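Undergrad: Only the shape, not the letters, is given here:
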């Protein structure tokens, strides 16, 4: 990849290219400055001049000037990899995308509130790698571990409850997926933040959390919603108004935050439990917990700042300039005819 410190100088190449075209057109005619001279005068003046050599000499000077302008524009090439050390942890957000996360007891909805608070955490990370898992009845790795926080924000923004057709809330599936994403045997410096309204339909999550903790992993949990609960909005396919989820008997379904399972998971995972509700700053407890953790030093390689490469073009310009001076324009003498 190439860049320029002073690209404005490259504009000078445009008129130079135009002048070269004019010069080429003029040189197609035989020395127009001799037009009107007698044949004997033209022969005397041109007897020792080689037109092809003259053109080559002009090209040497033209290339020299163009290379000099290229050098002045400050070409830079980013080809050098530099080792960079960072201190941080691996942070995996496991985000519940079941239909109950559409409930509006937390404004504007449970899922949108969770996305906002998570985005505030990501904005304040420094050196930590972040990943995301989405889950409902099953779970999937949505974003692999990365330090590209801008990309992470874009992925987070696109999360919605339609991502996983298999409904339900399988906290155990989310934890198993998170654990499988950590390839190292030691899971120290690795954190899972489980974000959910707490409806676990399988009941194996606590046992999985205890096992992960023995390998050094930390599990924090976040409850999204209220204890009072809310109806679950379901967009109506034929009408613009909002409908609400009903059970098989036709009764409206109310979803309530289940803090019990989330607190048990946090305790088993040596982590903390916090809530995302209608209060502001729910992310602060998570951020403090992450900041308090021991950081691991990671060594990675990144492209360094673009290196200046004007020296190459300056040297080439000088070579062409010297070549233009020393290159002869006279015809070669035929010694056999002397």
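TA: Good, I have the coordinates. Computed from a predicted structure; not experimentally measured.
Undergrad: what's downstream of the helix or strand of the chain with the lowest mean pLDDT, the next helix or strand?
TA: Ranked by mean pLDDT, DSSP states H and E, the weakest helix or strand in the chain is helix 39-46, scoring a mean of 54. Next helix or strand after helix 39-46 toward the C-terminus (DSSP states H and E): helix 51-72.
Undergrad: So which bits of that next one are buried?
TA: 57-60, 62-72 (16 or more other CB atoms under 10 Å). Where C-beta positions appear, they are placed from N, C-alpha and C, glycine not excepted.
Undergrad: now do stretch 122-140
TA: 122, 125, 128, 129, 130, 131, 132, 133, 134, 135, 136, 139.
Undergrad: Now do the spatially closest residue to residue 190 that is not a sequence neighbour, the pLDDT please.
TA: Spatial nearest neighbour of residue 190, excluding adjacent residues (CB to CB, 6 or more residues apart in numbering): residue 90 at 4.6 Å. Reported pLDDT at residue 90 in the predicted model: 89.
Undergrad: Would you mind listing where the stretch 51-200 of the chain has pLDDT under the threshold?
TA: 51, 78-84, 183-188, 200 (pLDDT under 70).
Undergrad: in this protein, which spans are helices?
TA: Ranges of helices within the chain are 13-28, 39-46, 51-72, 110-123, 149-157, 171-180, 205-214, 259-268, 283-291, 310-326, based on DSSP state H.
Undergrad: Packing partners of the third one?
TA: This means helix 51-72. Packed against helix 51-72 by the contact rule (3 or more CB pairs under 8 Å, 6 or more residues apart in numbering; DSSP states H and E) you find helix 13-28, helix 310-326.
Undergrad: what about that helix, distance to the chain center?
TA: 42 Å (CA atoms, centre = their mean, to the nearest Å).
Undergrad: would you list the buried residues of stretch 122-140 in CSV and tack on distance to residue 323?
TA: Converted to CSV, the buried residues of stretch 122-140 look like this (distance: CB to CB, whole Å):
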residue, distance to residue 323
122, 58
125, 56
128, 57
129, 54
130, 57
131, 58
132, 60
133, 64
134, 65
135, 69
136, 72
139, 68
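Undergrad: Going by distance to residue 99, which of these wins?
TA: Among these, residue 136 lies closest to residue 99 (CB to CB), at 7.9 Å.
Undergrad: what about the residue nearest to residue 190, how many neighbours?
TA: 22 (other CB atoms under 10 Å).
Undergrad: and which of the buried residues of stretch 122-140 is nearest residue 116?
TA: residue 122 (11.0 Å).
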